[in-house]
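Novice: I would like to see how this sequence folds:
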Amino acid sequence: MEQLKRYWQDFFAIDRNENDWWARKQALFAERGADIIQIKGNGHVYSKLSYEQENIHQYHLHVQYLIKQQKQLYLEESVTPYVFKKDHQGNMQAHRRHDYKQEDLVKTEMFKQGDSSSLNSRSKYNRQAAVQYAERWWNDYNPAYRQFPVDCTNYVSQCLYAGGAPMHGAPVRERGWWYQDTNWSFSWAVAHSLRWYLAGATSGLRGEEMKTANQLIPGDVICYDFTGDGRWDHNTIVVAKDANGMPLVNAHTDNSRNRYWSYEDSTAWTPDIQYKFFRIHIE
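Specialist: The predicted structure follows:
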């Protein structure tokens with residue numbers, strides 16, 4: 001609709017407050033020696049509700065950034081949910097991001113791993129297959145799996161499984177890493193749980209903690225604690241490296257492709273953010 005088009009044209013054209021995500025994104029590109037060559041976007045309204053003389057619209061904003069860094073060109077994409085109201089005169093009001101909260105399914109940090117005899121037959125991690133899956137489904141949802149409101153860890157788990165990671169521990173949700181038709185382990189779908197599973201597993205799928213982001217390669221995983229409170233909020237999968245050798249990641253919830261790993265352009269980012277960098281192994 002025309003009002004939304006004008007809103008976003010103005011948004012990207014006007015200088016923002018330094019604490020705004022767009023200002024941080026521009027600063028991040030400048031720090032990396034990367035230039036935004038072109039911005040393209042479109043919106044898709046997926047819900048319209050009428051309630052007590054209010055018309056509530058929910059839509060997804062799909063933005064594409066064509067990036068040039070040294071001699072490298074790549075396309076970064078993001079799909080973000082927004083909501084706004086229209087008054088009786090048709091004017092747009094109360095426009096904001098439509099945020100989802102992480103399901104608080106588990107508060108323990110420890111998982112029983114089970115013995116290796118419970119592992120299925122997969123034994124080698126195919127990074128190319130994991131990245132191909134991440135590219136195929138970055139802005140779509142495989143109907144073989146449930147779609148969660150907060151879908152980041154479910155998506156990363158699917159990528160790891162596509163790369164050959166073995167499931168084990170079913171049907172105990174606190175044990176192992178697995179998915180079945182109507183059930184799944186906490187580590188499969190909850191960001192906090194997968195972070196601790198990768199750190200603690202000694203067989204099958206496991207994560208080797210790396211000190212810095214530039215040590216990661218495609219197929220590896222980054223975990224995020226946005227506020228530094230010890231509760232891990234988000235996971236991404238590395239799909240490429242930029243011209244400086246730093247990771248670019250794909251993610252769900254706010255669906256993203258080739259996003260710079262640090263997430264400084266996220267509305268969830270705070271100066272207290274903590275990261276965990278995991279090299280993925282299958283043993």
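Novice: Quick one: the helices in the stretch 51-200 of the chain, in order.
Specialist: 127-136, 152-162, 186-189, 191-200 (DSSP state H, counting those that start in this stretch).
Novice: could I get those as a markdown table with mean neighbour count and distance to Gln9?
Specialist: Quick note: C-beta positions are derived from backbone N, CA and C, even for glycine. Supplementary listing: these in a markdown table, determined by neighbours: other C-beta atoms under 10 Å; distance: least, C-beta to C-beta, whole Å:
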| stretch | mean neighbour count | distance to Gln9 |
| --- | --- | --- |
| helix 127-136 | 18 | 29 |
| helix 152-162 | 25 | 30 |
| helix 186-189 | 26 | 38 |
| helix 191-200 | 23 | 34 |
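Novice: Out of those helices, which is closest to Tyr65?
Specialist: helix 127-136 (16.9 Å; C-beta to C-beta).
Novice: tilt between the closest one and helix 152-162?
Specialist: Helix 127-136 runs at 140 degrees relative to helix 152-162, counting by axes from the mean of the first three to the mean of the last three C-alpha atoms, to 10 degrees.
Novice: The stretch 101-250 of the chain: strands as residue ranges?
Specialist: 205-210, 221-225, 234-241, 247-251 (DSSP state E, counting those that start in this stretch).
Novice: so which of those strands gets nearest Ile36?
Specialist: Closest to Ile36 of those is strand 247-251 (C-beta to C-beta; 14.9 Å).
Novice: Of the strands of the stretch 101-250 of the chain, which is nearest Leu61?
Specialist: It is, among these and with distance given as C-beta to C-beta, strand 247-251, at 15.7 Å.
Novice: which residues sit against that closest one?
Specialist: The contact list for strand 247-251 (C-beta atoms under 8 Å, 6 or more residues apart in numbering) reads 74, 76, 134-135, 138, 152, 155-156, 159, 213-214, 216, 220, 222, 234-242, 256-261.
Novice: Mind listing what's buried along that strand?
Specialist: Buried residues in strand 247-251, defined by neighbour count with 16 or more other C-beta atoms under 10 Å: Pro247, Leu248, Val249, Asn250, Ala251.
Novice: want to throw the strands of the stretch 101-250 of the chain into CSV with distance to Trp22 and mean pLDDT?
Specialist: Putting the strands of the stretch 101-250 of the chain into CSV (distance: least, C-beta to C-beta, whole Å; pLDDT from 0 to 100) gives the following:
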stretch, distance to Trp22, mean pLDDT
strand 205-210, 30, 97
strand 221-225, 20, 98
strand 234-241, 20, 98
strand 247-251, 19, 98
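Novice: Many thanks, have a good one.
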